[in-house]
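**Q** got a predicted model here, sequence first, then my questions.
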Amino acid sequence: MPSGEHIIEASYCHRGISSDSPHLRDYLRRLPNLTALDLSGNRCNAIPNLSSCKSLRALNLSHNIVANKTLFSPLNKPRLRVIVELRLSHNKVTNLRGFAAAPNLHYLDVSFNQISNL
């Protein structure tokens, strides 16, 4: 794959990948200027390692298997700090207490989850 320095938005939907996929990690390393990433319809249970995507602000993880335990883990808290738009519809999120770790979040979609505690 050639360098993706000019790419600012990417879609990696419905590929059956998980959050810790080496293939996904390699893909993201080639996109250092990415500002928006769509990973909807996969098997991600957490926010993937986004350390190579310093400019990422919008993340779509809809239709995955993200749950509170992995979403708000100590590993994911730094990843949440930079996100401005987060789409988590159709996942396994049950409460919103951990979103204090996302101070820059302006848009959050948690529709079609089992939210029982705000």
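**A** Everything's here; your move.
**Q** Ser89 contacts Leu108, correct?
**A** No: counting by C-beta atoms under 8 Å, Ser89 stays clear of Leu108, with 10.0 Å between them. C-beta coordinates here come from the backbone N, C-alpha and C atoms, glycine included.
**Q** so what's the residue nearest to Glu5 when sequence neighbours are not counted up against?
**A** Computed as C-beta to C-beta, 6 or more residues apart in numbering, the closest residue to Glu5 that is not its neighbour in sequence is Asn33, at 5.8 Å. Asn33 makes contact with 4-8, 55, according to C-beta atoms under 8 Å, 6 or more residues apart in numbering.
**Q** of those residues, which one scores lowest on pLDDT?
**A** Ranked by pLDDT, the contacts of Asn33 bottom out at Gly4 (83).
**Q** and it, how many neighbours?
**A** Residues lying near Gly4 (other C-beta atoms under 10 Å) number 16.
**Q** got it, and Ala101?
**A** Neighbour count of Ala101, defined by other C-beta under 10 Å: 17.
**Q** check Lys69 too.
**A** By other C-beta under 10 Å, 12 other residues sit near Lys69.
**Q** hmm, back to that, which among the contacts of Asn33 end up buried?
**A** Neighbour counting with 16 or more other C-beta atoms under 10 Å marks Gly4 as buried within the contacts of Asn33.
**Q** where does the residue nearest to Glu5 land in three-state SS?
**A** Counting by DSSP: H, G, I helix; E, B strand; the rest coil, the backbone at Asn33 sits in coil.
**Q** quick one: it and His90, what's the gap?
**A** Asn33 sits 29 Å away from His90, taking C-beta to C-beta, to the nearest Å as the criterion.
**Q** next SSE downstream of the helix or strand bottoming out on mean pLDDT in the chain?
**A** Across the helices and strands of the chain, the lowest-confidence element by mean pLDDT, DSSP states H and E is helix 77-81, at a mean of 85. Proceeding N to C from helix 77-81, the next assigned helix or strand is strand 85-87, under DSSP states H and E.
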